[in-house]
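Engineer: following is a predicted model, sequence given first.
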Amino acid sequence: MPKEPTASSESRAASSARGHALVRLGGVGAVLLCVVMAFAYAGGWLSPHWLTPARFIDAFERANGVPPPAGFRRNHAKGVCATGFFESNGKGAVISRAAVFAPGRVPVVGRFALAGGQPLAADAAQNVRSLALQFRLADGEEWRTGMNDIPVFPVDSPEGFFDQLVASEPDPRTGKPDPAKMAGFLAKHPESARAIDLIRRRAVSSGFDNDTYNSLNAFRFVNASGVSIPVRWSMLPVQAFEPAEPADPAPKNVNYLFDALIARMHRGPLQWRLVATLGQPGDKTNDATIAWAGREKMEMGTLTLDSIESEDDGPCRDINYDPLVLPAGIEPSDDPLLSARSATYSESFRRRAGETKAPSAVTPEEVRR
Amino acid sequence: MSADPKRAAQFTLPARLLHWVMVAMVVAMLFIGVAMVASLGSYHALVSIHRPLGIAILVLVVVRFAVRLRGPLPPFLATMSATERRLASASEYALYALMFALPLVGWAMLSAARYPIVLWGSWHLPPILPHSPWLYAALRRMHTVLAYILFATFVAHLSAVLFHALVKRDGLLRRMLPWRA
């Protein structure tokens, strides 16, 4: 430690020491300023154009026009709860050490929903349908997944998703999305134009019960020897496929898809086969707009859903179906959408958790009928 | 106590080691926390560090508080006024309280949201609160507010230490240096 100048020094020396002290005080200030600015930078306050989970969810809210009723998910807002179990056939243990793939049963809390952020929107056959599942493993581990009934995802990156949301914001003058904006989005994102074309040409089933739900994003399955392979999974209905009616002959009940599911479930349990599509070396795991055709498939077990409840008093209401809640043996791939989905789902959950939920479109009375 | 009266005695070796290890952990935690809530692509990677690191801080702060209660403390420097001493003590207790409360609130809020509290692989903690979105919303907000208070307290602590080390040059920092000084 350097010696301080003594009090008996000449006044010139004392004044110079005071000068040095001021410089050092300035140094202290500079260090503190750097620390605070680094913190502000990390938090995104210095970068108003960063795409953050909050700005993403703001865009979802704007795309849905009028503020939606409180307490709902910002996307896939209209849904019902369904519970049952998954019975593993044990074959999956070869490719994943996840306990859910050992032979046996695991309870499941699921949710059927329609894509979009309007919880009171009328059902429409062309609307994307989803099935989210929470597998409750014996020791408290969980596997959550959100699957859609489309063959590929319409975007390959969070930026693409955001651009699509902005392009689908309703024009304040017409109350409808501006077709020019959507055309601009498709021109900027040719991968989305290709994917949306595939999605439009899919075979649309008549209801939730005979629909196929796909993970879309790739994940990695890791087995007991540590071997990791890329995988996408699907839930294939045991119920026979029936096509949706080509055109709506007459206006239908606003909840007709949900009502049909409720009626079907009251007649007996519904089942799906969990099938893994195994990626080949060289398959891109970071592009959900591309289908994996002709890959090896592995049937890993059967999902049985035998009970249905309104979201208002059902067990799925307070679950955030974050696709990165994974058991040991299933890991995220390098698909950038996965982390972005996890982040935005959490932001949506954070917002709705603090709101008093308005009644759902599908009421408890409607489900009990 | 050192034989040289001008020379401030140091904190005990375990106290000094815990201090510097926790400086690295807590500062990393504050930056990871504020970055992850603003991040899409790195969100998952950052959360996967944030959770186990927070629990490690919770464990270490308990150990550290026990060490703090047992070990002898070096006396305050003569250069510190009575007010400065009171402020130093208050900020020390505030830091202990925050380092304890933040991970506990984090654990509680994840419990209320029924997120599995995964530390590593299949190793996870049990929930400590019932499943309640209302509790989650309140605790999630509290987690943010406490984190900002911790950052402010850390900056205040850093300012005081830098002021003593660089401007007053009274050897205050020597009391906490990891080596014998």
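Structural biologist: All right, it came through fine.
Engineer: any part of the helix ranked longest in chain B near chain A?
Structural biologist: Criterion DSSP state H: the longest helix present in chain B is helix B:82-113. Yes - on the criterion Cβ under 8 Å from any Cβ of the partner chain, helix B:82-113 is in touch with chain A at residue B:113. Just so you know, the C-beta spots here come from the backbone N, C-alpha and C atoms, and that holds for glycine as well.
Engineer: show me which residues of the stretch 101-250 of chain A are close to chain B?
Structural biologist: Of all the residues in the stretch 101-250 of chain A, those lying near chain B are A:139-142, A:158, going by Cβ under 8 Å from any Cβ.
Engineer: filter those to the buried ones?
Structural biologist: A:141-142, A:158 (16 or more other Cβ atoms under 10 Å in any protein chain shown).
Engineer: mind listing the helices for chain B?
Structural biologist: Under DSSP H, chain B gives helices at B:13-36, B:43-70, B:82-113, B:133-162.
Engineer: which parts of the top helix by length along chain A are buried?
Structural biologist: When chain A is scanned for its longest helix (criterion: DSSP H), the result is helix A:11-42. By neighbour count on 16+ other Cβ under 10 Å, the buried set for helix A:11-42 is A:24, A:28, A:32, A:35, A:39, A:42.
Engineer: quick one: these as CSV, columns for pLDDT and distance to residue B:110 too.
Structural biologist: Formatted as CSV, the buried residues of helix A:11-42 follow (pLDDT from 0 to 100; distance: Cβ to Cβ, whole Å):
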residue, pLDDT, distance to residue B:110
A:24, 91, 44
A:28, 94, 38
A:32, 96, 33
A:35, 97, 28
A:39, 97, 23
A:42, 96, 22
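Engineer: could you find the closest non-adjacent residue to residue A:257?
Structural biologist: Leaving aside its sequence neighbours, residue A:257 sits nearest to residue A:123 (Cβ to Cβ, 6 or more residues apart in numbering or on different chains; 4.0 Å).
Engineer: and if you look at residue A:85?
Structural biologist: Closest to residue A:85 by Cβ to Cβ, 6+ apart is residue A:105, at 4.9 Å.
Engineer: quick one: average pLDDT of the helix or strand in which that neighbour is found?
Structural biologist: Using DSSP states H and E, residue A:105 sits in strand A:104-114. Strand A:104-114 shows a mean pLDDT of 98.
Engineer: and what of stretch B:13-30?
Structural biologist: 96.
Engineer: residues contacting residue B:136?
Structural biologist: Contact analysis of residue B:136 by Cβ atoms under 8 Å, 6 or more residues apart in numbering or on different chains lists A:349-350, A:353, B:109, B:112-113.
Engineer: do residue A:130 as well
Structural biologist: For residue A:130, the contacting residues are A:76, A:79, A:111-115, A:146-149, A:213, by Cβ under 8 Å, 6+ apart.
Engineer: please pick the buried ones from those.
Structural biologist: Listed as buried from the contacts of residue A:130 are A:76, A:79, A:111-115, A:146-149, A:213; burial here means 16+ other Cβ under 10 Å.
Engineer: who's in contact with residue 173?
Structural biologist: Unless you meant another one, I'm taking chain A. Going by Cβ under 8 Å, 6+ apart, residue A:173 touches no other residue.
Engineer: oops, wrong one, chain B.
Structural biologist: B:161, B:164-165.
Engineer: export those to a markdown table and tack on pLDDT and neighbour count?
Structural biologist: As requested, the contacts of residue B:173 are arranged in a markdown table below (pLDDT from 0 to 100; neighbours: other Cβ atoms under 10 Å in any protein chain shown):
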| residue | pLDDT | neighbour count |
| --- | --- | --- |
| B:161 | 94 | 15 |
| B:164 | 92 | 21 |
| B:165 | 90 | 17 |
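Engineer: for chain A, state which of those is nearest.
Structural biologist: Minimum distance to chain A across the contacts of residue B:173 is 8.6 Å, recorded for residue B:165 (Cβ to the nearest Cβ).
Engineer: the closest one contacts residue B:172, correct?
Structural biologist: Yes - in terms of Cβ atoms under 8 Å, residue B:165 counts as a neighbour of residue B:172; the distance is 6.5 Å.
Engineer: in a markdown table, list the contacts of residue B:136 along with distance to residue B:22.
Structural biologist: Formatted as a markdown table, the contacts of residue B:136 follow (distance: Cβ to Cβ, whole Å):
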| residue | distance to residue B:22 |
| --- | --- |
| A:349 | 31 |
| A:350 | 28 |
| A:353 | 31 |
| B:109 | 22 |
| B:112 | 27 |
| B:113 | 27 |
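Engineer: okay, the residues you listed in CSV with distance to residue B:150, neighbour count and pLDDT next?
Structural biologist: Putting the contacts of residue B:136 into CSV (distance: Cβ to Cβ, whole Å; neighbours: other Cβ atoms under 10 Å in any protein chain shown; pLDDT from 0 to 100) gives the following:
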residue, distance to residue B:150, neighbour count, pLDDT
A:349, 24, 23, 97
A:350, 20, 21, 96
A:353, 23, 23, 96
B:109, 16, 22, 98
B:112, 21, 24, 97
B:113, 22, 25, 97
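Engineer: of these, just say which sits nearest to residue A:267.
Structural biologist: Checking those against residue A:267 with Cβ to Cβ, the nearest one is residue A:349 at 33.4 Å.
Engineer: residues contacting that closest one?
Structural biologist: When contacts are counted by Cβ under 8 Å, 6+ apart, residue A:349 touches A:73, A:320, A:322, B:113, B:133, B:136.
Engineer: name the helix or strand for it, please.
Structural biologist: Secondary structure assignment for residue A:349, by DSSP H and E: helix A:336-353.
Engineer: try residue A:331
Structural biologist: Using DSSP H and E, residue A:331 falls in strand A:330-332.
Engineer: okay, now the sheet partners of that strand, with direction.
Structural biologist: strand A:219-222 (antiparallel) (DSSP bridges).
Engineer: can you show me the CA trace of the strand it pairs with as CSV?
Structural biologist: Provided in CSV are the C-alpha atoms of strand A:219-222 (Å, rounded to 0.1, in the frame of the first residue of the first chain):
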residue,chain,number,x,y,z
PHE,A,219,-35.6,-32.7,-29.5
ARG,A,220,-32.8,-35.0,-28.5
PHE,A,221,-33.4,-38.4,-26.9
VAL,A,222,-30.5,-39.6,-24.8
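Engineer: quick check: residue A:345 touching residue A:320?
Structural biologist: Yes - counting by Cβ under 8 Å, residue A:345 touches residue A:320, with 5.5 Å between them.
Engineer: which residues of the stretch 251-369 of chain A lie near chain B?
Structural biologist: A:318-320, A:322, A:324-325, A:327-328, A:332, A:336, A:338-340, A:342-344, A:346, A:349-350, A:352-354.
Engineer: re the thing from before, distance from the longest helix of chain A to the middle of the chain?
Structural biologist: 47 Å (Cα atoms, centre = their mean, to the nearest Å).
Engineer: now the angle from it to helix B:133-162?
Structural biologist: Inter-element angle recorded for helix A:11-42 and helix B:133-162: 160 degrees (by axes from the mean of the first three to the mean of the last three Cα atoms, to 10 degrees).
Engineer: how long is stretch A:274-282 end to end?
Structural biologist: 24 Å (Cα to Cα, to the nearest Å).
Engineer: buried residues of it, list them for me.
Structural biologist: Buried residues in stretch A:274-282 (16+ other Cβ under 10 Å): A:274-279.
Engineer: fine, thanks again, bye for now.
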